[in-house]
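> sequence first, predicted coordinates after that:
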Amino acid sequence: MRDRYDEIRSLNSEVIAVGTGSVAYAGRFVEEEKVPFPVLVDDGGEAARAASVRSVGFLKLVFNPKSFPGARRARQAGHRVHKAGKRVTQLGATFVVGPGEQIRYEHVDAHSADHAPLDEVLAALRT
């Protein structure tokens, strides 16, 4: 979303990331990855629980064969693994919310390399 942030903003939309690490960890991540949008911290997991975002066991996280192709693509694209936070087994999710409390799009990751297709997110923003 970082690379298409200007396009997202042109749709009168905003990205807000919610991270699992501490404030200091999030600050380093934002700086190193040049994240242009707000990043909030959910170090205790309250937001993840409220949104029914899953966690997985550590072994399943590390050895899930579905994660390997995604990890390979990320590494080839120049992404790197940052220092892990306290909740390393927390999976991710993507929501498009609004106007108001209406959820227009939802993707809850099934494994560590499963992420919302950006074209689907942008399509939800355009509707």
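Structure received.
> show me what the strand or helix carrying residue 123 is packed up against.
For residue 123, the element it lies in under DSSP states H and E is helix 118-126. If contacts are counted by 3 or more CB pairs under 8 Å, 6 or more residues apart in numbering; DSSP states H and E, helix 118-126 sits against helix 5-10, strand 93-97, strand 103-108. Quick note: C-beta positions are derived from backbone N, CA and C, even for glycine.
> for residue 19, find the nearest of the ones you listed.
Smallest distance to residue 19 across the helices and strands packed on helix 118-126 (CB to CB): 12.5 Å, for strand 93-97.
> mind exporting the closest one as CSV, just the C-alpha atoms?
Extracted as CSV, the C-alpha positions of strand 93-97 are listed here (Å, rounded to 0.1, in the frame of the first residue of the first chain):
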residue,chain,number,x,y,z
ALA,A,93,-5.9,-8.4,8.0
THR,A,94,-7.1,-5.7,5.7
PHE,A,95,-10.4,-3.8,6.1
VAL,A,96,-11.9,-1.0,4.0
VAL,A,97,-14.2,0.9,6.4
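> now that strand, how far from the centre of its chain.
Centroid separation for strand 93-97 versus its chain: 9 Å, with CA atoms, centre = their mean, to the nearest Å.
> give me the angle between it and helix 118-126.
Between the direction of strand 93-97 and that of helix 118-126, the angle (axes from the mean of the first three to the mean of the last three CA atoms, to 10 degrees) works out to 20 degrees.
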